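*Asks:* Fold the stuff below for me.
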Amino acid sequence: MILALIWGTSFILIKKGLVVFSSDELGALRIAIAFLTLSPFAVMHLRKVEPHRWKYLAGSGILGNLLPAFLFAYAETRLASGLAGVLNSLTALFTLLVGAMFFSQSITWLRMLGIVVGIVGTAILIFSGNGSADMDNKYYGLYIVVATVCYGGSVNIIKHRLQGMKPLGMSSMALLTVAPFAIAYLFTTDVVGKLQHTPGAWEALMYIALLAIFSTAVGLVLFNKLIHISTTLFASSSTYLIPIVALMWGVLDGEAIQLWHYLGMIVILVGVFIVNRAK
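*Replies:* Predicted coordinates for the structure are as follows:
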């Protein structure tokens, strides 16, 4: 529930940050600020990392942080924040599929039923219409689909290759592997110039900082902990609750919500229940 609130809020924060900064600037700032937040813990755990784990930490950093930060920001240049939150629920499906394809995880018929029900709810939300996202922009959702595939890979890496590492150390180390690329990229952008001359730039940076600190840094630590104490499917099914929070923020920001949206939310929750009760 806490993760759903944190991550469900991230989409409106992205939207607010994009008012001033480009999608690539936002993605790079998000990673850089998140790393700076956890950097003290990275220093503490640096020498505790076993050499063979670095490749998996890098894989988790790239798939779970770097690529999605840019993909979600770019998608929201044309998609409403609520719709972006809805599409994020595909993470549970791809976590299951990636686990089955590459990590020898089993798929029972009841789990698949729960996933299908959740996807049906997602489809209802997508195709029931959204006041600020017309059909011509729907294909931008493919960037989010790619991001959820990345998330599915990262979740499985954390569960099956990084088991035993403390969530705080793992999160900070994963960000350490990708932060240099994000920070280096920032030097090629006009972020400093915008902060100096563009009205509203500092406010937009505040939204990005909130996004980085809570949705990326704190959320990543909590999610890694959740993966370790539960299953990958249970952990990723939290993404089914995110659309509800994301859509509510969208409504408060003037995005339309209709009766079909509420129906989609109910169907999604039924899917979550089935998935989490499946053995």
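*Asks:* C-alpha from now on. contacts and neighbour counts both.
*Replies:* Noted.
*Asks:* L3 and S238 touch, don't they?
*Replies:* Yes - the pair L3 / S238 is scored as a contact, 7.2 Å apart, by C-alpha atoms under 8 Å.
*Asks:* OK, contacts around I158?
*Replies:* By C-alpha atoms under 8 Å, 6 or more residues apart in numbering, the contact list for I158 reads Y56, S60, N224, I227.
*Asks:* ok, the last one - contacts?
*Replies:* The neighbourhood of I227, defined by C-alpha under 8 Å, 6+ apart, consists of V155, I158, K159, F234, A235.
*Asks:* want to try CSV for these, with pLDDT and secondary structure as columns?
*Replies:* Putting these into CSV (pLDDT from 0 to 100; DSSP: H, G, I helix; E, B strand; the rest coil) gives the following:
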residue, pLDDT, secondary structure
V155, 92, helix
I158, 92, helix
K159, 88, helix
F234, 75, helix
A235, 77, helix
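*Asks:* OK, contacts around the residue of the chain most remote from its centre?
*Replies:* Here the chain reaches farthest from its C-alpha mean at H197, the gap being 31.0 Å by C-alpha atoms, centre = their mean. Neighbour list for H197: empty [criterion: C-alpha under 8 Å, 6+ apart].
*Asks:* Ok, the one 5 residues further on next?
*Replies:* Listed by C-alpha under 8 Å, 6+ apart, the contact partners of W202 are L195.
*Asks:* Could you say which helix or strand holds it?
*Replies:* For W202, the host element (DSSP states H and E) is helix 201-210.
*Asks:* Mind listing what's buried along that helix?
*Replies:* A201, A204, L205, Y207, I208, A209, L210 (16 or more other C-alpha atoms under 10 Å).
*Asks:* By neighbours, which of the contacts of I158 wins?
*Replies:* Within the contacts of I158, most neighbours by other C-alpha atoms under 10 Å means S60, with 29 neighbours.
*Asks:* For that one, which non-adjacent residue is closest in space?
*Replies:* S154 (4.8 Å; C-alpha to C-alpha, 6 or more residues apart in numbering).
*Asks:* Neighbours of the one you found, how many?
*Replies:* 24.
*Asks:* Can you pull the phi/psi pair for it?
*Replies:* The phi and psi torsions at S154 (degrees, to the nearest 10) take the values phi -60, psi -40.
*Asks:* Just list the residues touching it, thanks.
*Replies:* Contacts of S154 by C-alpha under 8 Å, 6+ apart are G59, S60, G61, L63, G64.
*Asks:* send the alpha carbons of stretch 108-121 over as PDB?
*Replies:* Extracted in PDB, the C-alpha atoms of stretch 108-121 (Å, rounded to 0.1, in the frame of the first residue of the first chain):
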ATOM      1  CA  THR A 108       0.000 -22.000 -12.600                       C
ATOM      2  CA  TRP A 109      -3.400 -21.700 -14.300                       C
ATOM      3  CA  LEU A 110      -4.800 -19.700 -11.400                       C
ATOM      4  CA  ARG A 111      -1.800 -17.200 -11.500                       C
ATOM      5  CA  MET A 112      -2.300 -16.800 -15.200                       C
ATOM      6  CA  LEU A 113      -6.000 -16.200 -14.600                       C
ATOM      7  CA  GLY A 114      -5.200 -13.400 -12.100                       C
ATOM      8  CA  ILE A 115      -2.800 -11.800 -14.500                       C
ATOM      9  CA  VAL A 116      -5.300 -12.000 -17.300                       C
ATOM     10  CA  VAL A 117      -8.000 -10.400 -15.100                       C
ATOM     11  CA  GLY A 118      -5.600  -7.600 -14.200                       C
ATOM     12  CA  ILE A 119      -4.800  -7.000 -17.800                       C
ATOM     13  CA  VAL A 120      -8.500  -6.900 -18.700                       C
ATOM     14  CA  GLY A 121      -8.900  -4.200 -16.100                       C
END
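*Asks:* chain center to that stretch: distance?
*Replies:* 21 Å (C-alpha atoms, centre = their mean, to the nearest Å).
*Asks:* ok, longest helix in the chain?
*Replies:* helix 23-45 (DSSP state H).
*Asks:* got the CA positions of it in CSV?
*Replies:* Provided in CSV are the C-alpha atoms of helix 23-45 (Å, rounded to 0.1, in the frame of the first residue of the first chain):
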residue,chain,number,x,y,z
SER,A,23,12.2,14.1,-20.8
ASP,A,24,15.9,13.2,-21.0
GLU,A,25,16.8,16.0,-18.6
LEU,A,26,14.2,14.8,-16.2
GLY,A,27,15.3,11.1,-16.5
ALA,A,28,19.0,12.1,-15.8
LEU,A,29,18.1,14.4,-12.9
ARG,A,30,15.9,11.7,-11.4
ILE,A,31,18.7,9.1,-11.4
ALA,A,32,21.4,11.6,-10.2
ILE,A,33,19.3,12.9,-7.3
ALA,A,34,18.2,9.4,-6.2
PHE,A,35,21.9,8.3,-6.2
LEU,A,36,23.0,11.4,-4.2
THR,A,37,20.2,10.6,-1.6
LEU,A,38,21.6,7.0,-1.1
SER,A,39,25.3,7.8,-1.7
PRO,A,40,26.2,7.6,2.0
PHE,A,41,24.9,4.0,2.1
ALA,A,42,26.7,3.2,-1.1
VAL,A,43,30.0,4.2,0.5
MET,A,44,29.2,2.0,3.5
HIS,A,45,28.4,-1.1,1.5
